[in-house]
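Participant: any chance you can model this:
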Amino acid sequence: MLKVTFFGTTTLLFDDGTDQILFDAHFTRPSLIKYIAGAKVKTNTRLCDKLIRIHHIDRLRAIFISHTHHDHVMDAPYVANRCGATIYGSSSAKNVAIGGGVPEDRIEVFQDESEYSIGEYKIRILKSLHSKPTKLNDDLGVPIEEPLVQPASLRDYKEGGSYDFYIEHGEKKILIRPSFNYIEGQLNGIKADVLFLGVAGLAKADETMETAFFAETVEKTDAHLVIPVHWDNFFAPLQKPIEGMPKVIEKTDVVFHKLAGYCEAHDVDYLIQYPCTSIGI
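Facilitator: Numbering: from 1, shown residues only. Below you'll find the predicted structure:
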């Protein structure tokens, strides 16, 4: 059995009993006020240590970074150093890692279609698109060009390019699509038993975008199970009751309703996983 623990946003820990792999690394979750104000923040090391202990993250081999906004990469350097893991990501992720003191021999810059074998995992990197820009998030494609040292403003974490992850483990096939967007035809020929699907932006999407998004993700992969990610309020602490995104940004109840309706109509299983819980797949 492959155990998957969800820590909110798009942070997912895979554990096959021998090796662990983390996809994205965001536990600290600074407040929206700090984001807007441009306050300089750093990793909550006490919280990271607590989660590492509680969830027995003691065999971590790798951390794969989908893109370099703070809610995907902020805690990767500390966790990598704490656990002796290698960080895999874009050149921007490399600069976050270097700024966090990760040795360069434990940093791997990947490209579209890069493939890695780690224990029983086979991981393929797929170029992707971030969700459409907003007033709070208008740096798409902008790289992080210098080592990023904490404490740092959350706006210093530029997007730096986005990627999906296709994971094969034995007979299991899993796709992680962190963002609500698609590249037409990108997933042709890729089949997934489980699809972790980024849904931030779905509530405001028009019917054309919604239909195309589902066609290019759920339909193309022929997924048996869809699990939404990037639906929770990543500006609120993990230690408090989890809530959806602030309604001025996203209506999470509408997101769940749209995705549930699609899955019902297409006979696809649908599961909402609460942060800091695990499932077996």
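
Participant: centre of the chain to the host helix or strand of residue 80, how far?
Facilitator: Using DSSP states H and E, residue 80 falls within helix 76-83. The chain centroid and the centroid of helix 76-83 are separated by 16 Å under CA atoms, centre = their mean, to the nearest Å.

Participant: for stretch 200-220, same thing?
Facilitator: Between the centre of stretch 200-220 and the centre of its chain there are 18 Å (CA atoms, centre = their mean).

Participant: got the end-to-end distance for it?
Facilitator: Terminal residues of stretch 200-220 are spaced 20 Å apart (CA to CA, to the nearest Å).

Participant: in that stretch, what counts as buried?
Facilitator: For stretch 200-220, the buried set under the neighbour-count rule, 16 or more other CB atoms under 10 Å, comprises 200-205, 209-210, 213-214, 216-218, 220. For the C-beta atoms, the positions are set from N, CA and C on the backbone; glycine is no exception.

Participant: residue 145: how many residues sit nearby?
Facilitator: Residues lying near residue 145 (other CB atoms under 10 Å) number 11.

Participant: just checking, it touches residue 95?
Facilitator: Yes. The pair residue 145 / residue 95 is scored as a contact, 6.9 Å apart, by CB atoms under 8 Å.

Participant: for residue 170, which non-adjacent residue is closest in space?
Facilitator: Leaving aside its sequence neighbours, residue 170 sits nearest to residue 120 (CB to CB, 6 or more residues apart in numbering; 6.6 Å).

Participant: what of residue 108?
Facilitator: Leaving aside its sequence neighbours, residue 108 sits nearest to residue 88 (CB to CB, 6+ apart; 4.6 Å).

Participant: tell me how many other residues surround the one you found.
Facilitator: Neighbours of residue 88 under the rule other CB under 10 Å: 27.

Participant: show me where the stretch 151-281 of the chain has strands.
Facilitator: For the stretch 151-281 of the chain, strands defined by DSSP state E, counting those that start in this stretch occupy the ranges 152-153, 162-169, 172-177, 194-198, 225-229, 269-270, 277-280.

Participant: right, I'll leave it there.
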